[in-house]
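A.B. asks: the sequence and its predicted three-dimensional model are supplied below.
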Amino acid sequence: MTRPARALVRLLGTELPVALILAFALLPWVWMMLSSVRPDAELTHSPITLWPHTLTLAHHIELLRRTSFLQNMRDSLIVASGALSLGLILAFPAAYAFSRFRFRGRTVLRTQFLLINMFPVVMLILPLFILMRELGLLDTYFALIAGHATFTLPFAIWLLTSYIDGIPPELDQAAMIDGATRLQALRMVVLPLAMPGVVAVGIYLFIASWNEYLFALMFTGRNVRTVTVALQLFIGENQIQWGLLMAGGTLVALPATILFLFVQKRLVGGLTGGAVKG
Amino acid sequence: MRPGQHIITAQVATPWLMLAPALIVAGVLVLLPVADTLWLSLHQVILYRPRSRPFVGLVNYAAALADPVFWNSLWHSLIWVVCAVSLQFALGLTTALLLNRSFAWRGLARTLVVVPWALPSVIIGLIWTWMLDFNLGVLNQIGVRLGILSASVPWLAQPSTAMAGVILAIVWQGFPFFAVTLLAGLQAIPAELYEAASIDGAGGVAKFRYVTLPGLASVMATALLLRMIWVANSLDLILVMTGGGPGTATQTLPLHAFLTAWSGGDYGSGSALAVLLTLLLLGVVVAYLWRSREQ
């Protein structure tokens, strides 16, 4: 094949289909952003025009001034940061134990942790709701933080174990021969080397909590209300305010999406146990 | 105590001490509720009558199985899982194969394709409800303009199309997961295998059949199993988009359990439904693991 012919084959056989798939993946996102900056007159006019005639930030301003959205963002931030911290505190030592020790029941236990995700959330949410109510934890940050950290635990432990496996055990052994205790070796040798993986898992925990809906709906609502629940409440009224909803959706989705794009390669690498090339 | 004994004890105890926090939290927040759900499912527990919780044995289960809504929901769950997972898989595999070829903007395409994966279900539900809207939805508008649709369709408001609408949304959400995991699997297949196949005279189809598919088999199996469990359990997307309606047209089993317990206030029956769903899933997972072990 000549060079132009080969380029044409690549264009039609690879680049065009990829472009179509990317359009499918991105256009709904773009449509949400676009809808958030159009005035109500355009959003309520049927049939809707594809291209905006006027651009406005009216919906964003209304959202931030007239609704509790900033407060909801703050709640989500607190919950997601808490879930990130608690999740890492629980998962890192567990992952280290799975990676560095050979003990009776290790394999069974590793699999058991994955089974946590097999239980339908509906199976757990009722008793948890009753438990939280009896402990007086309903509608607190802690209820949501604990719930989110637990349900991301299996994935976090799995990923961290795979990252720590990638650090030669000789390094922590050498530190311990030099007189460090295991905890010192863990803190001064393993943790710094595993840091990229820890950051990736931390961001994953943050996004998972930030995006979560069902727990937030059940466990909180008055004092604590996260963005996903707040957005859903905008629909409840008779007249759906699409502009407001799309502005809220954009503000919620943007940070999660940007963070996710940064760490996705490392997450998939940990998940599939191999290096993923760019 | 012999010298060195305490070192061995420490060796044995250390991993358990490190695992303890995770185990305790998982025990309290997962195992305890699971046991509690089993207990609830055997009792009559109505939200409005918290003081009286009589033991009723398997009555809740019998009632659930005798209820046509259960079988209806099970059928919807089956459609939901089979359609969503197979479409996600097909689109994800296609994407992975394409992104494994070389072209100038491959890195950018690999990064951007994951965008739907990062979004919360609530927002995904909102976007698609907005795009599928009868009056103002952009998809109806495009469909009519291109002549694919003769008139606007109330996708989520009529029983015959509502399921297709929510499946479209979950396919969008889920195909990037398959794309990136299968792509990672493709990259792990050694290039020498393809070279050897070329030398043996294999064409594109033969290489796919005898090198790509076997090399990808274990990643595919894991990804499919994880995704199937996830889709079968997920209810937030449907809850946001249709709430199970119109009527019960999009009511899947987890949603049925959730609505029975939450909106209906009947914790006993809701718990029984949740247990039935778990048993069904467990059956599928065990059968799956059994088969993959035989192969």
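C.D. replies: Thanks, I have it.
A.B. asks: please pull out the lowest mean pLDDT helix or strand from chain B.
C.D. replies: helix B:5-26 (a mean of 80; mean pLDDT, DSSP states H and E).
A.B. asks: quick check: which helices or strands does that one pack against?
C.D. replies: In this structure, helix B:5-26 packs against helix A:69-100, helix A:106-115, helix A:141-165, with contacts taken as 3 or more C-beta pairs under 8 Å, 6 or more residues apart in numbering or on different chains; DSSP states H and E. C-betas here are computed from N, CA, C, even on glycine.
A.B. asks: out of these, deepest packed?
C.D. replies: Mean neighbour count (mean count of other C-beta atoms under 10 Å in any protein chain shown) peaks for helix A:141-165 among these, with a mean of 23.
A.B. asks: now that helix: average pLDDT?
C.D. replies: The pLDDT scores in helix A:141-165 average 91.
A.B. asks: any idea which helix or strand comes after it?
C.D. replies: Scanning forward in sequence from helix A:141-165 by DSSP states H and E, the next helix or strand is helix A:169-177.
A.B. asks: not counting that following helix itself, show me its contacts.
C.D. replies: A:100, A:182, A:184-186, A:188-190, A:193 (C-beta atoms under 8 Å, 6 or more residues apart in numbering or on different chains).
A.B. asks: ranges for the strands of chain B?
C.D. replies: Using DSSP state E, chain B contains no strands.
A.B. asks: can you give the domain ranges for it?
C.D. replies: Domain assignment for chain B by automatic domain parsing gives B:1-32, B:42-294.
A.B. asks: re the thing from before, dump the contacts of helix A:169-177 into a markdown table; add pLDDT as well.
C.D. replies: Below are those laid out as a markdown table (pLDDT from 0 to 100):
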| residue | pLDDT |
| --- | --- |
| A:100 | 90 |
| A:182 | 87 |
| A:184 | 89 |
| A:185 | 89 |
| A:186 | 88 |
| A:188 | 89 |
| A:189 | 90 |
| A:190 | 91 |
| A:193 | 91 |
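A.B. asks: so which of the residues you listed reach chain B?
C.D. replies: The overlap between these and the neighbours of chain B (C-beta under 8 Å from any C-beta of the partner chain) comes to A:100, A:182.
A.B. asks: my guess is residue B:275 contacts residue B:41. True?
C.D. replies: Yes - Residue B:275 lies in contact with residue B:41 (C-beta atoms under 8 Å); the separation is 5.0 Å.
A.B. asks: how close does residue B:80 sit to residue B:275?
C.D. replies: 20 Å (C-beta to C-beta, to the nearest Å).
A.B. asks: look at the two and report which has more neighbours.
C.D. replies: Remark: of residue B:80 and residue B:275, residue B:80 carries more neighbours, 26 against 22, as counted by other C-beta atoms under 10 Å in any protein chain shown.
A.B. asks: for the more buried one, list the residues it contacts.
C.D. replies: Counted by C-beta under 8 Å, 6+ apart, residue B:80 has contacts B:163, B:166-167, B:170, B:231-232, B:238, B:252.
A.B. asks: again, but for residue B:136
C.D. replies: Residue B:136 touches A:43-44, A:46-48, A:242, B:130, counting by C-beta under 8 Å, 6+ apart.
A.B. asks: for the closest residue in space to residue B:183 that isn't next to it in sequence, give its distance to residue A:269.
C.D. replies: Sequence neighbours aside, residue B:96 is the residue nearest to residue B:183 in space, at 4.2 Å (criterion: C-beta to C-beta, 6 or more residues apart in numbering or on different chains). Separation of residue B:96 from residue A:269 (C-beta to C-beta) stands at 15 Å.
A.B. asks: of those two, who's got more company?
C.D. replies: residue B:96 (24 against 20).
A.B. asks: need the contact list for that one.
C.D. replies: With contact set as C-beta under 8 Å, 6+ apart, residue B:96 has these partners: B:178-180, B:182-183, B:185-186.
A.B. asks: mind checking pLDDT for it?
C.D. replies: pLDDT at residue B:96 comes out at 95.
A.B. asks: drop anything exposed from the contacts of residue B:136.
C.D. replies: For the contacts of residue B:136, a burial check counting by 16 or more other C-beta atoms under 10 Å in any protein chain shown picks out A:43, A:48, A:242, B:130.
A.B. asks: quick check: closest non-adjacent residue to the second one.
C.D. replies: Looking back up the chat, that one is residue A:48. residue B:136 (5.1 Å).
A.B. asks: list the buried residues in stretch B:221-238.
C.D. replies: By 16+ other C-beta under 10 Å, the buried positions in stretch B:221-238 come out as B:223-238.
A.B. asks: please flag which of these sit within helices.
C.D. replies: Members of those lying in helices (criterion: DSSP state H): B:223-233, B:236-238.
A.B. asks: closest to residue A:28 out of those?
C.D. replies: Taking C-beta to C-beta as the measure, residue A:28 lies nearest residue B:237 of these, at 13.4 Å.
A.B. asks: still on that earlier bit, of the buried ones among the contacts of residue B:136, closest to residue B:45?
C.D. replies: Nearest to residue B:45 among the buried ones among the contacts of residue B:136 is residue B:130, at 38.5 Å by C-beta to C-beta.
A.B. asks: mind listing what the spatially closest residue to that closest one that is not a sequence neighbour touches?
C.D. replies: Among residues not flanking residue B:130 along the chain, residue A:242 sits closest, at 5.8 Å (C-beta to C-beta, 6+ apart). Contacts of residue A:242 were listed using C-beta under 8 Å, 6+ apart, and they are A:35, A:43, B:130, B:136.
A.B. asks: next one: residue A:268
C.D. replies: By C-beta under 8 Å, 6+ apart, the contact list for residue A:268 reads A:276, B:180-181, B:183-184.
A.B. asks: got a markdown table for those residues, with pLDDT too?
C.D. replies: Output for the contacts of residue A:268, formatted as a markdown table (pLDDT from 0 to 100):
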| residue | pLDDT |
| --- | --- |
| A:276 | 37 |
| B:180 | 90 |
| B:181 | 90 |
| B:183 | 91 |
| B:184 | 88 |
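A.B. asks: the residues you listed, buried ones only, as a PyMOL selection?
C.D. replies: Applying 16+ other C-beta under 10 Å to the contacts of residue A:268 leaves a buried subset, and the PyMOL line that selects it is:
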select buried, (chain A and resi 276) or (chain B and resi 180+181+183+184)
